[in-house]
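**Student:** below is the sequence, then the predicted model.
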Amino acid sequence: MNGIQFLYVEAIPISHIPLHRHLEVVSTMKSIATIVFAACIVSGLAVSADADDRLVLVGASYGNNVLAICESDGTVLWKHNTAGPQKGHTGHHDVHLLPSGNILFHDSWTKTQEITLGKEVVWEYDSATMNGNEGKNVDVHAFDRLSNGETVIVESNVGRIIHVDKDGKLVKQVPLGEGGRKRTRLMRILDNGHYLACAENPGVVSEYDADGKVVWEYEIGTRVFGAIRLKNGNTMICSGSGNSVVEVTPEKQVVWEIAKTIPDSEISLGWMTALQELPNGNIVAGNCHAGEDNPQIFEITKDKKVVWEFDEWDLVGNGLACWQILDAKQSAMVRKQLAALKN
């Protein structure tokens, strides 16, 4: 198979190995693992360097109405049943694990909440009633928490990005412009402090500076959902209704794309939502509304090889729009806190 020769060895119980030989055994096993990993790469097999250690935070609606933390194989470690309708969706368009181990989420279109792993709500902000929004048509699809403690919330229809402190006091607001730009999906804060926001209609990804001036944008022409700025300076876009993931340069040239289906796979692309760039350079993409026969999240290499899939239909159904891949530090913290809750 793929030119790899298999070596069969007899298993020996570790209790039969003298204590002074244990370190030799461990060293040998690590060497074998390294050789196997290298052999996979040489033979062209797609591998994910860290999939076995990652945890996955997910938030879904469409009747499933759940917030959960899972192992990479889908095993549920923590689950919180949220509010939501039995048909359609409300909230669950964004989710963040905070440095404290708490989770920033929403299960309505106006209320953003912070919940502990002990399932206690310790902070909330209602965009329907606070800071001048009383009586206005407003809904929220994106938010984040800054290192200074401020929470950034994108208020669609009202058409602004706001910063509020821990008491809900308005610290700052940034206008999104007129027309369809007032109605956003995901927003991500860039390293330069700018805001990268997606507007379904007119189907554009816009970079706003601190004053709300558009300094860069790309018109993709679909009901675009999510975008991130890559380490190489390009922008990766999940096109929403366009059933595609597209990478564009600052000069707006398309340099990488998958559309409708992933080459050499049986994966069809649905409503493409959230994105995350991993340290190994791979891209993780959300594949919402793609049906029972497709994964809801997948990791793909730049040569378009799928190396990991999250396919947990019974847990999230057809409505998984937001999620986060936790890194090793975050995963260790969550495991530690969950273990403490069991004691």
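**Tutor:** Looks like it came in fine.
**Student:** find the residue ranges of this protein scoring beneath the pLDDT cut-off.
**Tutor:** 1-52 (pLDDT under 70).
**Student:** okay, now the domains of it?
**Tutor:** 1-45, 55-342 (automatic domain parsing).
**Student:** from Ser268, how far out is Ser244?
**Tutor:** Per CB to CB, to the nearest Å, Ser244 is found 12 Å from Ser268. For the C-beta atoms, the positions are set from N, CA and C on the backbone; glycine is no exception.
**Student:** overlap in contacts of the two?
**Tutor:** Lys260 (CB atoms under 8 Å, 6 or more residues apart in numbering).
**Student:** so between those two, which is more surrounded?
**Tutor:** Ser244 (18 against 14; other CB atoms under 10 Å).
**Student:** I'd assumed Ile262 was in contact with the more buried one.
**Tutor:** No. Ser244 is not in contact with Ile262 according to CB atoms under 8 Å; the separation is 10.6 Å.
**Student:** hey, what's in contact with both of the two?
**Tutor:** Leu269.
**Student:** for the strand or helix carrying Val284, packing partners?
**Tutor:** Taking DSSP states H and E as the criterion, Val284 maps to strand 283-288. In terms of contacts (3 or more CB pairs under 8 Å, 6 or more residues apart in numbering; DSSP states H and E), strand 283-288 is packed against strand 235-238, strand 271-277, strand 297-300, strand 320-326.
**Student:** now the ones you listed in a markdown table, with mean neighbour count?
**Tutor:** Shown next, in a markdown table, are the helices and strands packed on strand 283-288 (neighbours: other CB atoms under 10 Å):
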| stretch | mean neighbour count |
| --- | --- |
| strand 235-238 | 25 |
| strand 271-277 | 22 |
| strand 297-300 | 23 |
| strand 320-326 | 25 |
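**Student:** columns distance to Ala290 on top of those, output as JSON lines?
**Tutor:** Formatted as JSON lines, the helices and strands packed on strand 283-288 follow (distance: least, CB to CB, whole Å):
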{"stretch": "strand 235-238", "distance to Ala290": "12"}
{"stretch": "strand 271-277", "distance to Ala290": "7"}
{"stretch": "strand 297-300", "distance to Ala290": "10"}
{"stretch": "strand 320-326", "distance to Ala290": "10"}
